[in-house]
Structures are given as C-alpha cells and as structure tokens.
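Trainee: just to be clear, the model below is a prediction. Sequence and coordinates:
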Amino acid sequence: MFFFLMVLIVALFQFKVYVYMAAGAYVEDALAVSNLASALIDVEEYGRSHSVRIRDTQNAFRVYRDALYYNLALNEEGYSAKEDLLTGQIELREYIVYNVFPQEIQISVYDGEGNCLRQERAGPGDVETPDGVPVEHTTIYSRVGFRVMGLMGRIIDAEKEKSVDIVRCESEDG
C-alpha cells in the first residue's frame, strides 16, 4: 500500500510539472505573437530608407495589449478563460520598444497600463533587453506575470518575458 501511495504522489507531482510547463509555453507563445502583432513599422520610412522602425510606440503598446488579451483569452479585467492553466489576473508588467538607427538606439519603456515611463537613447552595441538579448535590430520586449494552481490549492506566481527583433528580409533576387 505504501508503494502504491508513493507512486501516486510521484505521478501527481509529474502531472503538475507538466501543467506548469504547458502554462509557461502557452504564455510565452502568446507573448511572442503579441510582440510581433505590435511591430507596426513606419512604412513610409521603410520605403525611403529600408529602415525598420516603429514610429508610434504608444499605438504599438495598445495593439500589443489587445493582441495579448486575445491570445491568452482574457476578459476585460485580465482573467483567463483557460482557468485550468492560468489562475487569477494576468499582469502586464513591462513593454519596451528599441528603435535602432545607424548612430543610436531609441528606447521607449511602458508600464502595464500603457504609461510611458521613460524614453532614452543609447549607442549601438551598448544595449541588451532585460532578458539578455543584444539589440542589433529594432526589437520589442515584453514581460507579464501570471499565476498557476499548485499542489493542494497553493497558488504559484510566475513570470515570462520575450524579445522579438524585426529584421528586414532581403531576397537573393534583389
């Protein structure tokens, strides 16, 4: 009987680990897709100079937030319809746009409410995203907090962050 109980406990633990991994992958995928959805490049600038930049970072944040709410199936208050994976309110913690110019990088930092906390400039090669990705091309970084249900009803706080860079794709045809 003791052996059966131990196997049952180990199986339950492994199942919960699988659920945590699934929730993490789900949120990370939603972050990546939402970051890409907010990559609203300046088409006029791209047509003139082939430079990939996001002119209206405030609008990019709004698109990101809307896309994240859609991708995570969140209601207006930020609670997920997929309660088996995510418990409680999803918290948008940070959204950063790195616009890369030949001589500088312009950094726009937003909080989870869409308030621009600061705008900075830095030299090329001197900037990394908070998750350690060197900024070489126009990049979008975001971070969210969420909760998952743990063993015996415990709630576990988690966080995911994701950076995506937007690169001009050149075909070999010219």
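Mentor: Arrived safely, thanks for sending.
Trainee: Gln89 contacts Gly78, doesn't it?
Mentor: Yes - here Gln89 reaches Gly78: they are 4.5 Å apart, a contact under CB atoms under 8 Å. Any C-beta I mention is one placed from the backbone N, CA and C, and that applies to glycine too.
Trainee: more neighbours, these two?
Mentor: Between Gln89 and Gly78, Gly78 has the larger neighbour count (other CB atoms under 10 Å), namely 18 against 14.
Trainee: could you pull out the buried residues of stretch 122-142?
Mentor: For stretch 122-142, the buried set under the neighbour-count rule, 16 or more other CB atoms under 10 Å, comprises Val127, Thr129, Val133, Val135, Thr138, Thr139, Ile140, Tyr141, Ser142.
Trainee: just give me the closest of those to Tyr46.
Mentor: Of all the buried residues of stretch 122-142, Thr138 has the smallest distance to Tyr46: 10.6 Å, by CB to CB.
Trainee: isn't that closest one right up against Leu40?
Mentor: No - contact criterion CB under 8 Å: Thr138 and Leu40 do not qualify, at 11.0 Å.
Trainee: show me the common contact partners of these two, please.
Mentor: Each of Ile54 lies in contact with both Thr138 and Leu40 under the rule CB atoms under 8 Å, 6 or more residues apart in numbering.
Trainee: from the chain's centroid, how far away is stretch 158-173?
Mentor: Its chain's C-alpha centre and that of stretch 158-173 lie 12 Å apart, by CA atoms, centre = their mean, to the nearest Å.
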